[in-house]
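>>> Using only what follows, build the 3D model:
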Amino acid sequence: MSHRCRLSVGVAALLFAIGSPAPAQAQDDAPRTAWGRPDLQGVWDFRSITPLQRPEDLADREFLTEEEAAQIEQGAVDRDVRLWEAAPRRTEAGGNVGGYNNFWLDRGLRAVETRRTSLITYPPNGRMPAVTPDAQRRADERRDRLRESPAGSWEDFSAGVRCILGFNAGPPFTPSAYNNNMQLFQTPDHVVIVTEMVHTARIVPLDGRPRLDPDVQQWSGDSRGRWEGDTLVIETRNFDAKRRWRNTTANARLVERLTRVDADTLNYEFTVTDPETWTSAWTASVPLALNPEPMYEYACHEGNYSMPLMLGGQRNIELDASNEP
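Next up is the predicted model:
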């Protein structure tokens, strides 16, 4: 995995004041391609310590004050320094080994520049809509099945564990523990989005070609793009339900909007609609920062090479249980 941010105790001095909340709009000085479209190319960093959903204790507060945002950012710095300087701890066999250590994590240190209390902008409460009864049933059934046999087959492991998709690669992509980067390539009739996590490449035609048949489902869905003024709009459907992104179904629909705000900022907004999972659609906004560094390959092998071991371990547990008097 790549790690783009190394801190010292003095890193707090690098934090700067956050501007007043303002909607993302393309500026006249935003770069353009040789064929006249906004130039969206580059490596874009979507790290943020702003949570996807608004904390319940903030109720109907949409924005933080500058002071509150600064305190949260300083808290993130203090937490990283504390964890980096902490003494190593051993884990007993059979326990939760967790991550390697905090060195490998790169969640970011800044809240979004709008000072929003959540990345979700709709519903107005900044939280996901209520789930449908069918979605709750699916979640309950899966939880009960995994409680009984957490590794009945390879399909019981997530797409992330199996190294098929990254846990923050989406689509849509949302900030997470590390590898919060994507690279965008652009031609007059195509856009390619490559996520750092598990290096998934999504090819998005812009030429108006027909969509795939609904029966043809893909891990990252079937995407088609178009320009609405200076905003690139990508509509994706035909998701393979086996990816289980937030318990969504094959009928999920995703609309992403990418707007080059200025030379260093790309605003990314997405709306998810799945009537079988949520009672309404929901929208989130994630400002992306231009990353001057190249994006490196992320090699995910644990779920590939360790699958026999993980399944074999569960079979041994079941065998021991069957031999109990």
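
>>> What number of neighbouring residues does the closest residue to Ala130 other than its chain neighbours come out with?
Leaving aside its sequence neighbours, Ala130 sits nearest to Thr279 (C-beta to C-beta, 6 or more residues apart in numbering; 4.9 Å). From N, CA and C alone the C-beta is placed, and that goes for glycine too. Neighbour count for Thr279, taken as other C-beta atoms under 10 Å: 14.

>>> Does Thr279 touch Thr132 like I think?
Yes. Taking contacts as C-beta atoms under 8 Å, Thr279 lies within contact range of Thr132: 6.1 Å.

>>> can you tell me which helix in the protein is longest?
helix 66-85 (DSSP state H).

>>> Quick check: next helix or strand after that helix?
strand 120-122 (DSSP states H and E).

>>> I'd like to know which elements that next one is packed against.
strand 282-290 (3 or more C-beta pairs under 8 Å, 6 or more residues apart in numbering; DSSP states H and E).

>>> Let me see the contact set for Gln183.
By C-beta atoms under 8 Å, 6 or more residues apart in numbering, the residues touching Gln183 are 42-44, 193-194, 196, 295.

>>> Among the residues you listed, which one sits closest to Gly160?
Glu196 (13.7 Å; C-beta to C-beta).

>>> If you tally nearby residues, what's the number for the closest one?
That count, for Glu196 with other C-beta under 10 Å as the rule, works out to 27.

>>> Could you verify my assumption that it touches Glu293?
No. With contact defined as C-beta under 8 Å, Glu196 does not reach Glu293; the gap is 10.9 Å.

>>> Now do the helices in this structure.
66-85, 133-148, 302-305, 307-322.

>>> Quick one: mean pLDDT for the longest one?
Per-residue pLDDT over helix 66-85 has a mean of 90.

>>> now swap in the last one and tell me
Over the span of helix 307-322, the pLDDT mean works out to 88.

>>> got a list of contacts for that helix?
149-154, 157, 162.

>>> which ones are touching the residue nearest to Ala130?
Counting by C-beta under 8 Å, 6+ apart, Thr279 makes contact with 129-132.

>>> which of the residues you listed tops the neighbour count?
Neighbour max across the contacts of Thr279 (other C-beta under 10 Å) = Val131, 18 neighbours.

>>> who touches that one in this structure?
Val131 neighbours (C-beta under 8 Å, 6+ apart): 139, 247, 277-279.

>>> re earlier: would a markdown table of the helices of the chain with distance to Phe270 and mean neighbour count be doable?
Below are these laid out as a markdown table (distance: least, C-beta to C-beta, whole Å; neighbours: other C-beta atoms under 10 Å):
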| stretch | distance to Phe270 | mean neighbour count |
| --- | --- | --- |
| helix 66-85 | 23 | 15 |
| helix 133-148 | 19 | 12 |
| helix 302-305 | 26 | 12 |
| helix 307-322 | 32 | 12 |
